[in-house]
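**Student:** Okay, here's the prediction I keep looking at, along with the sequence it came from:
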Amino acid sequence: MKVSSNKIVDIYNHYLNRLKVVYSEKESSILLKRLMAHFIDSQPYQIPFVDSDKRVSESKLLQIHFAVKDLLVFKPLEYILGFAKFYEHDFLVNENVLIPRPETEELVDYIWKNKNLFDKKPRGLDIGTGSGCIPIMLSKLFDVQMFSCDISQAAISIAEKNKKLHAVDIQFINIDFLNSSFWNLLPLDLDFIVSNPPYVRESEKVLMEKNVLNYEPHLALFVENSDPLIFYRQIHDFALLALKSKGHLFLEINEFLSYETADLFINDFSDIFIIKDLNDKPRFLHVIK
Ligand SMILES: C[S@@+](CC[C@H](N)C(=O)[O-])C[C@H]1O[C@@H](n2cnc3c(N)ncnc32)[C@H](O)[C@@H]1O
């Protein structure tokens, strides 16, 4: 069936009906408002009521049509539009990088609120940079010298673009962090390490939505059931080498493995705090050397 006219309200109603076949009414409406607003240079809250009789050009209508087609096969809106919001800022994303999550905004917020822990410009390393959202936001929020690594060169290319977009200075390093023979490429004398590493067990895939499973990079998400804390063990060992005495670790963690993750740090670090997120789930560790 064709759209009855090029008026905003008709386009909205037409595609809302199509999206409702696979998404809830509320979700369909949110996705469509964000999508249409992007293509017709408007605000989501204005769709479809403000200028509802205004006509959209054929080329814009075609863009909306193909974007809805992508949504119907569960492609995340952020990958369709090519950017995601993080801490109210736009970050470029594609299918090589994880779409930044609200929990990670909380992690950044926690570090920013604790910036008084550092007496002068601190040196920080982010492990597993993805879009670069963590080191870039920290660099925007306070005076910090950031380094960041990732195994994926494709992710680093996006992070580099985001660095330019936000006009900050960060050194990105392309290494496999799990291989300690590459650690000599990473900085020493760090005041803090931050990481949102892969931590979802293969067995947890059943809990995940199609848009995540079919489109987001599995390299960024999953760890083997047999060794789910592999990244945290390596971070522990690396921190013993590279973190200053009294330095800080800020880690996003698997909410189902919070005690096991904290336990890794009990012997060699002086303080460990399990931090809950806004949904009251244990999602972060703050560890002090
Ligand atoms: C959960 S994502 C986090 C991305 C970003 N920091 C964020 O919070 O949106 C984990 C990142 O770790 C990277 N990664 C996976 N295995 C790695 C490894 N062995 N060494 C370094 N980085 C790795 C992935 O490419 C991915 O970008």
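**Tutor:** Yep, it's here.
**Student:** now the closest residue to Asp150 other than its chain neighbours: how far from the ligand?
**Tutor:** By the measure of C-beta to C-beta, 6 or more residues apart in numbering, the closest residue to Asp150 outside its immediate chain neighbours is Thr129, 4.5 Å from it. C-beta: built from backbone N, CA, C; applies to glycine. Distance, Thr129 to the ligand, using C-beta to the nearest ligand atom, to the nearest Å: 5 Å.
**Student:** Let the chain start at 645 from now.
**Tutor:** Let's use 645 as the start, then, which means that last one is Thr773.
**Student:** wait, what's in contact with Thr773?
**Tutor:** Pro779, Ser792, Cys793, Asp794, Ala799, Ile800, Ala803, Phe816 (C-beta atoms under 8 Å, 6 or more residues apart in numbering).
**Student:** Pull up the residues of this structure that are close to the ligand.
**Tutor:** 742, 744, 748, 772-775, 777-778, 793-796, 799, 820-822, 840-842, 863-864 (C-beta under 6 Å from any ligand atom).
**Student:** Show me where the chain has its helices.
**Tutor:** Counting by DSSP state H, one finds helices in the chain at the ranges 652-663, 669-683, 702-716, 721-725, 746-757, 777-785, 797-809, 854-859, 862-865, 874-886, 902-907.
**Student:** Turn those into a markdown table, including mean neighbour count and mean pLDDT.
**Tutor:** Output for the helices of the chain, formatted as a markdown table (neighbours: other C-beta atoms under 10 Å; pLDDT from 0 to 100):
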| stretch | mean neighbour count | mean pLDDT |
| --- | --- | --- |
| helix 652-663 | 18 | 96 |
| helix 669-683 | 18 | 96 |
| helix 702-716 | 15 | 96 |
| helix 721-725 | 19 | 98 |
| helix 746-757 | 18 | 98 |
| helix 777-785 | 24 | 98 |
| helix 797-809 | 18 | 98 |
| helix 854-859 | 15 | 94 |
| helix 862-865 | 16 | 96 |
| helix 874-886 | 18 | 98 |
| helix 902-907 | 16 | 98 |
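**Student:** Between those helices, which one is closest to Ile932.
**Tutor:** Minimum separation from Ile932 across the helices of the chain (C-beta to C-beta) falls at helix 874-886, 10.5 Å.
**Student:** what comes into contact with the closest one?
**Tutor:** If you take C-beta under 8 Å, 6+ apart as the criterion, helix 874-886 is touched by 769, 771-772, 821-822, 824, 827, 830-834, 837, 839, 841-843, 867-868, 891, 893, 895, 897, 905, 908-909, 912-913, 931, 933.
**Student:** Can you turn the buried subset of those residues into a selection I can paste into ChimeraX?
**Tutor:** Only the buried entries of those go into this ChimeraX selection, using 16 or more other C-beta atoms under 10 Å:
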select :769,771,772,821,827,830,834,837,839,841,842,843,867,891,893,895,897,905,908,909,913,931,933
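**Student:** and the contacts of helix 874-886, which of them are in strands?
**Tutor:** If you go by DSSP state E, these have Leu769, Ile771, Leu834, Ile837, Ser839, Val867, Gly891, Leu893, Leu895, Val931 in strands.
**Student:** now stretch 687-699: how far from the chain's centre is it?
**Tutor:** Relative to the mean C-alpha coordinate of its chain, stretch 687-699 is positioned 30 Å out (C-alpha atoms, centre = their mean, to the nearest Å).
**Student:** returning to what we had before: between the ones in strands among the contacts of helix 874-886, which sits nearest Phe710?
**Tutor:** Val867 (35.0 Å).
**Student:** Need phi/psi at the closest residue to that closest one other than its chain neighbours.
**Tutor:** Leaving out its chain neighbours, the residue that sits closest to Val867 by C-beta to C-beta, 6+ apart is Pro842, at 5.2 Å. Dihedral pair for Pro842: phi -60, psi 130, per degrees, to the nearest 10.
**Student:** right, and Pro842 touches Leu865 too?
**Tutor:** Yes. With contact defined as C-beta atoms under 8 Å, Pro842 counts as touching Leu865 (5.6 Å).
**Student:** quick one, what contacts the residue nearest to Val867?
**Tutor:** Counting by C-beta under 8 Å, 6+ apart, Pro842 has contacts Gly772, Leu863, Ala864, Leu865, Phe866, Val867, Phe875.
**Student:** And for Ile819?
**Tutor:** So Ile819 contacts Cys793, Ile795, Phe826, Leu829, Leu830 (C-beta under 8 Å, 6+ apart).
**Student:** Dump the residues you listed to JSON lines, plus pLDDT.
**Tutor:** Below are the contacts of Ile819 laid out as JSON lines (pLDDT from 0 to 100):
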{"residue": "Cys793", "pLDDT": "98"}
{"residue": "Ile795", "pLDDT": "98"}
{"residue": "Phe826", "pLDDT": "98"}
{"residue": "Leu829", "pLDDT": "98"}
{"residue": "Leu830", "pLDDT": "98"}
